[in-house]
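>>> Next one to model:
(chains A and B)
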Amino acid sequence: MVLTALALLACYAPALRGMFEQWRTDEDMSHGFLVPVVILWVIWRERERWRALPAQPTWLGWALLAFAASLHFAGALGVGLFAESLAFLISIAGAVLCLGGFSWLRALAFPLILALFMLPKLALVYNQATLPLQLLASRMAAGMLTVAGIGVIREGNILDVGGHKVAVVEACNGIRYLFSLGFMAAVFGYLFDSKSGMWPARLTLLAAAIPIAIVANAARVAAAGWIPAFDSGFPHELSGWVIFVLCLAMLLLTRQLFNKIYVLNRS
Amino acid sequence: MKIISSLVLVIGFSVCLKAQITLGSTVDTFGVLAGSTVTSSGPTLVLGNLGVSPGSAVTGFAAIPPGGPGLVSGAIHAADAFAGTAQTQLTTAYNAAAGAASTATVSGDLGGLTFFPGVYTSSTSLAITGTVTLNALGNPNAQFIFQMGSTLTTAVGSTVVLANGAQASNVFWQVGSSATLGTSSFFSGNILALASISLGTGASLQGRALARTGAVTLLSNTINTPAGLGGPPPPLVTPAPSSLILVTTALLGIVIYERKRIFKPFRS
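Predicted coordinates:
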C-alpha cells in the first residue's frame, strides 16, 4: 500500500506541483492546503472501521488506472492541469480498487469527494461563470441597497451609491465563498450527519451552501457600497470574514431545520 | 453563429483600439443635445445640461413655458452660443468616431454578444435584443466605438451592460442616421447620431443623447450623464479574505466546539 502511494506520488509529481502552485498563488484556491489535512484526519478517524473491511481486489482498478494514465498523458500534452489533477484522483480510486475492491472504495468515497475541493479551477467553466456571477452579485447588492432605502445606480458591475462607486471585480464574484462554504458543508455533513441514511442531510447542506454563498457575497458588496470604509483595507477583510462566519451559522441552521423536518417525516 | 461572432470579436480585440475619442469640454456637460427640437412627455429626468442648436424648440420640461413634468438637473441651452459650441464639438467627435480605424465588422443583432475594447463597424444598421456586454477587462480608460451606416434600434427591455471597469463615458455609438431605444430598455454610452434620437417609454440612458441635425424625443426617461473621459476610475472592491483564512476559521471553530468528537475514532 505504501509502495503504491509512493508510486502514485512519483508519477503525478508534476500535477501535484501544479496544484500546490495554484494553492499558493490563487487566493480562491488557497484552502487546498487544508484539504489533505482534513482527508488525513478522516482516514485516521476511520482507521479501525477500514481495517475490518475484507480485501476483495478487482481488475476494474487496472482499467481505472489505465484511464487515469491516459488522462494524465492528455493533460501533459496540453489539455491542462485540471485533467492531470483529476487523473491523480482517478488513479487513487483505481489503486484502491486494485488493492481492496469496492468495499474499500466505498469507505474512501468521502475523502475522495473532499479531494475534489483541491482540484484546480477548470478554466473553461470558471471563465464562463465569472462574469455572470459578478453581474449577479452586482444586481443582488443593488437590490439589497434599494430594499434598505439606499439610493443606488448600477452600471453593469459598478455600483454608484451617492457618488461612492464600487466595482464588483473578478475576485469579488463569490467563487471564494462558494468553494470555502462548499468544502465546509461537506465537512459538517461528515461530522454531524455521518450515520447511514443521513445522506439527504449531507446533500441538503451541500446544496444550501450555493445560495448562501451567493447571497452572502452580494451582502458583502452591498456593505462595501453602503459604508465607504468597508470597500478596502482591514475593515473590508473583517466584514468579509464576519459575513463568512454568519454563512457558517446559516449553514448549521439549515441543517438543524432540515433534520427536524426529515426526522419528523420519518417518524 | 454566436461562437463565430465571438471569435471575430476576440480577434478584433487583439488588434485593439489605439486612438482615444474625446467629446469636448462643452458637449461633455450635455445629457441631451439636439439639432432641431427636444420634446419630452412624462416625468423625464436629465442629469446634466440639455440643449438644442441651431433649432430652439424645447418642450415638456418644468423650466420651459408652458412647463411640463420633465426635469433637468443642469441648464437648458436653446439656440445659444453654448449650445452652438457643443454642436461644433459634437460634429468633431462624430467625425472622429466615424473615422476611427475599424478592428472588427459586426452586423445585425448584437444581442447576447460580449465586446472587448475596440472599434466595431457595420455598413448598415445595428440592433440590440436582450443583453450586450461591454467588457473593459479591468481598464477604465478602454474605449468602445460602434460605427454604423444607418440606424441603431434596441428592443423592448434590452440592456447594454458595462463590465470590468467599462465606463459609459468611453462608449460611443456613431449612428449614420437615427437611433431608437426600446421601451424600458437600459442603454449605456454616448449616442452620436447624425439625425434624430428617440427613447421609448421608460428607457434609461447612462450616457448622452446627442443628435447633430434632428430631434431628440423623450418619453418618461432617465438620462444620467457620466463624467467625461479621464475621470477618476471607480475604486475597486477588494476581494473577500482568502479561502485559506475562511476555511481555517471554520475548521478552528469546529475543533474548539467539537474537540471530543474530533479526536475520537469513528464508530459506526
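
>>> Every contact and neighbour count from this point should use C-alpha atoms.
Will do.

>>> Give me the spatial nearest neighbour of A:I90, chain neighbours excluded.
A:A68 (5.7 Å; Cα to Cα, 6 or more residues apart in numbering or on different chains).

>>> From the chain's centroid, how far away is the strand or helix carrying the one you found?
If you go by DSSP states H and E, A:A68 is part of helix A:60-74. Counting by Cα atoms, centre = their mean, to the nearest Å, helix A:60-74 is centred 25 Å from the centre of its parent chain.

>>> mind saving the C-alpha coords of that helix as CSV?
Extracted in CSV, the C-alpha atoms of helix A:60-74 (Å, rounded to 0.1, in the frame of the first residue of the first chain):
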residue,chain,number,x,y,z
LEU,A,60,-11.6,-2.9,-12.8
GLY,A,61,-9.0,-1.0,-10.8
TRP,A,62,-6.4,-1.6,-13.5
ALA,A,63,-8.9,-0.2,-16.1
LEU,A,64,-9.4,2.9,-14.0
LEU,A,65,-5.6,3.3,-13.6
ALA,A,66,-5.2,3.0,-17.4
PHE,A,67,-7.9,5.6,-17.9
ALA,A,68,-6.2,7.9,-15.4
ALA,A,69,-2.9,7.4,-17.1
SER,A,70,-4.3,8.4,-20.5
LEU,A,71,-6.0,11.4,-18.9
HIS,A,72,-2.7,12.4,-17.3
PHE,A,73,-1.0,11.9,-20.7
ALA,A,74,-3.6,14.2,-22.4
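
>>> And the contacts of it?
A:80, A:83-88, A:90-91, A:93-98, A:101 (Cα atoms under 8 Å, 6 or more residues apart in numbering or on different chains).

>>> thinking again about what came up before, so how far is A:L86 from the residue nearest to A:I90?
8 Å (Cα to Cα, to the nearest Å).

>>> what does A:I39 give?
16 Å.

>>> picking up where we left off before, neighbours of the residue nearest to A:I90, just the number please.
24 (other Cα atoms under 10 Å in any protein chain shown).

>>> distance of it from chain B?
29 Å (Cα to the nearest Cα, to the nearest Å).

>>> so what's that residue scoring on pLDDT?
pLDDT, A:A68: 90.

>>> try B:T222
Reported pLDDT for B:T222: 84.

>>> And B:P232, by the same measure?
At B:P232, pLDDT is 44.

>>> hmm, back to that, tell me which of the contacts of helix A:60-74 is nearest to B:T180?
Of all the contacts of helix A:60-74, B:T180 sits closest to A:G80, with 46.5 Å by Cα to Cα.

>>> how near is the closest residue to the closest one other than its chain neighbours to A:C11?
Spatial nearest neighbour of A:G80, chain neighbours left out: A:A74 (8.0 Å); criterion: Cα to Cα, 6+ apart. Counting by Cα to Cα, the gap from A:A74 to A:C11 is 14 Å.

>>> A:V166 now?
From A:V166 to A:C11 the distance is 46 Å (Cα to Cα).

>>> Show me which of those two is the more surrounded one.
A:V166 (26 against 14).

>>> the helices in chain B, which residues?
Using DSSP state H, the helices of chain B run over B:2-14, B:81-99, B:243-257, B:259-262.

>>> And for the third one, what's in contact with it?
Identification of contacts with helix B:243-257 by Cα under 8 Å, 6+ apart yields A:27-34, A:176-177, A:179-181, A:184, A:241, A:244-245, A:248, B:262.

>>> Can you name the residues of the stretch 101-250 of chain A that neighbour chain B?
Proximity of the stretch 101-250 of chain A to chain B (Cα under 8 Å from any Cα of the partner chain) is limited to residues A:131, A:135, A:155-158, A:165-172, A:176-177, A:179-181, A:184, A:195, A:221, A:224, A:231-233, A:236-237, A:240-241, A:244-245, A:248.

>>> Looking at the residues you listed, which are in strands?
Within those, residues falling in strands by DSSP state E are A:E155, A:I158, A:K165, A:V166, A:A167.

>>> Name the nearest residue to the second one, sequence neighbours excluded.
Among residues not flanking A:I158 along the chain, A:A167 sits closest, at 4.4 Å (Cα to Cα, 6+ apart).

>>> how many other residues sit next to that neighbour?
A:A167: 29 neighbours (other Cα under 10 Å).

>>> same deal with the one 4 residues further on?
Residue neighbour count, defined by other Cα under 10 Å, stands at 16 for A:A171.
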